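Colleague: Return a 3D structure for these sequence lines:
(chains A and B)
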Amino acid sequence: MPNDLFHGNLVYLTAEEPEAQASSFSRWFQNTEFARLLAIAPEILWSQNKIKEWIEKDYEKEKPEGYFFTVRDSQNDRLIGFFGLWDIDVNHLNSIIAIGIGEPEYWGKGYGSEAMQLALRYAFTELNLHRVSLFVFAYNTRAIRSYYKSGFQLEGIQRKAMLRDGERHDIVAMGILREEWEARAA
Amino acid sequence: MDIQKQLFLGKTICLGPIDHEKDPAIISGWTHNPEYLRLVDTAPAYPNAAAQVKKKLEAIEKRLEEGKNMYYFHIRDRQDDRLIGFATIRWIEWTHGSGWIHLGIGDPQDWRKGIGSEVLDLLLQYTFNELNLYRLTAMIPEYNPGARRLFEKAGFIEEVRRRQALNRDGQRWDLLLYGLLREEWEAQHAQ
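Modeller: This is a model prediction of the structure:
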């Protein structure tokens, strides 16, 4: 397996046919633990057809709105997750990353961290960004630990910004600068 | 509760609807001032013709009609109805009671006259007593000290500092997120 922009050790990056991606995404979001770690909006269980339709619409665009990748297991080629670099400010070279591993048996084993490494390498060496931002829910401590490990720094806390099961939770803002990423990569 | 209290009337300004005939030309004028554009938004400064503004305002009102997750007002002078700026509560997450606030005062001659404070008073009242939200976030470039003072005076607290997220004329600036919680706003209005 080559070690290039799209290939790590544990995982590699792909663009999926709409059917395959819709099938996995529809299944992942039926797991409310995954959905509540990832998204703030109340969950809607979308049909595979609807998800497929969004992907197809996205594929029709001449220029992508963001840079979205699906993540596969290098060993068995299973589709396990995704990441997207969104809201790219062309004038400031900042972007917000969203990342998720949808298959629970891959959690806590370094697959997400490696996907994040590939995402940052893409952000800094291909998109030539200056920094990458993210928001993560304060109760997602596993993700926060992994983002620190990937070199992200804490940039602030949006106090009590979520309500789940009757309790208020903070949203954590993190970011990594190009120079911080380069110092680690060196 | 005072049901007769007017939510959209300040001392010198009021909040009103879009005037699709008159407003586009005035807003087009504002978008030809790069200083205003850079203070009010982080996107590349770019002028809009009145016809473009008209389309954008129509799109905004369409979103209001669809009742999604934004509220949008035009700020006017109470004396002569002159358009002064815009104010919006947007990106509302209803289930979490959170929203983002954004406002702009277009003509530099209207800056530093307390209009922002008057608008903010009305918007906060609208946010907490009409929309019944729990918290608001404001996004402010580090290089806009006027906006920072305005929101700090209203009780907003700096919560997030996106380091070096902005580049203006080759200099890097932070992008700041300020937050205000319902209980903080209520405490200010308890007396």
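
Colleague: what's near enough to touch the residue of chain A found nearest chain B?
Modeller: Residue nearest to chain B within chain A: A:Gly156 (3.0 Å; C-beta to the nearest C-beta). Backbone N, C-alpha and C define where each C-beta goes, glycine included. Contacts of A:Gly156 were listed using C-beta atoms under 8 Å, 6 or more residues apart in numbering or on different chains, and they are A:172-173, B:158-161, B:177.

Colleague: for B:Gly146, phi and psi?
Modeller: Dihedral pair for B:Gly146: phi -60, psi -50, per degrees, to the nearest 10.

Colleague: Touching, it and B:Trp111? I think so.
Modeller: Yes - judged on C-beta atoms under 8 Å, B:Gly146 makes contact with B:Trp111 at a distance of 6.9 Å.

Colleague: one step back: tell me the bridge partners for the residue of chain A closest to chain B.
Modeller: Judged by DSSP bridges, the bridge partners of A:Gly156 are A:Ala173, B:Val160.

Colleague: pLDDT wise, what is it at?
Modeller: Per-residue pLDDT puts A:Gly156 at 98.

Colleague: how far away is it from B:Gly179?
Modeller: For A:Gly156, the distance to B:Gly179 equals 9 Å [C-beta to C-beta, to the nearest Å].

Colleague: Overlap of the contact sets of these two?
Modeller: Joint contacts of A:Gly156 and B:Gly179 (C-beta under 8 Å, 6+ apart) are B:Glu159.

Colleague: quick one, what contacts B:Phe73?
Modeller: Residues in contact with B:Phe73 (C-beta under 8 Å, 6+ apart) are B:8, B:15-17, B:86-88.

Colleague: I should have written A:Leu134 there, sorry.
Modeller: A:Leu134 makes contact with A:96-99, A:147, A:152, A:173-175, according to C-beta under 8 Å, 6+ apart.

Colleague: Any idea what the residue lying closest to B:Asp81 once chain neighbours are set aside is bridged to?
Modeller: Leaving out its chain neighbours, the residue that sits closest to B:Asp81 by C-beta to C-beta, 6 or more residues apart in numbering or on different chains is B:Gly16, at 8.0 Å. For B:Gly16, the beta-bridge partners are B:His74 (DSSP bridges).

Colleague: what sits against B:Gly16?
Modeller: B:Gly16 is in contact with B:8, B:73-76, B:81, counting by C-beta under 8 Å, 6+ apart.

Colleague: Same question for B:Asn132.
Modeller: Taking C-beta under 8 Å, 6+ apart as the test, what B:Asn132 contacts is B:Gly97.

Colleague: Quick check: it is in a strand.
Modeller: No - remark: B:Asn132 does not belong to a strand; assigned using DSSP: H, G, I helix; E, B strand; the rest coil, it is coil.

Colleague: Give me the pLDDT for it.
Modeller: Value for B:Asn132, per-residue pLDDT: 97.

Colleague: how near is it to A:Glu62?
Modeller: With C-beta to C-beta as the criterion, B:Asn132 and A:Glu62 are 42 Å apart.

Colleague: A:Arg36 too?
Modeller: 35 Å.

Colleague: pLDDT wise, what is the residue in chain B that chain A sits nearest to at?
Modeller: Nearest residue of chain B to chain A: B:Val160, at 3.0 Å (C-beta to the nearest C-beta). Looking at B:Val160, its pLDDT reads 98.

Colleague: what's the answer for A:Ala185, then?
Modeller: Reported pLDDT at A:Ala185 in the predicted model: 80.

Colleague: what's around the residue lying closest to it once chain neighbours are set aside, how many residues?
Modeller: Closest residue to A:Ala185 apart from its sequence neighbours, by C-beta to C-beta, 6+ apart: A:Arg121 at 7.8 Å. As a burial measure, A:Arg121 scores 16 neighbours (other C-beta atoms under 10 Å in any protein chain shown).

Colleague: For A:Arg121, which three-state class applies?
Modeller: helix.

Colleague: Would you confirm that it contacts A:His7?
Modeller: No - A:Arg121 is not in contact with A:His7 according to C-beta under 8 Å; the separation is 10.6 Å.

Colleague: show me the residues around the residue of chain A positioned farthest from its centre that make contact.
Modeller: Most distant residue from the mean C-alpha position of chain A: A:Gly166, 27.2 Å away (C-alpha atoms, centre = their mean). Shown in contact with A:Gly166 (C-beta under 8 Å, 6+ apart): no residues.
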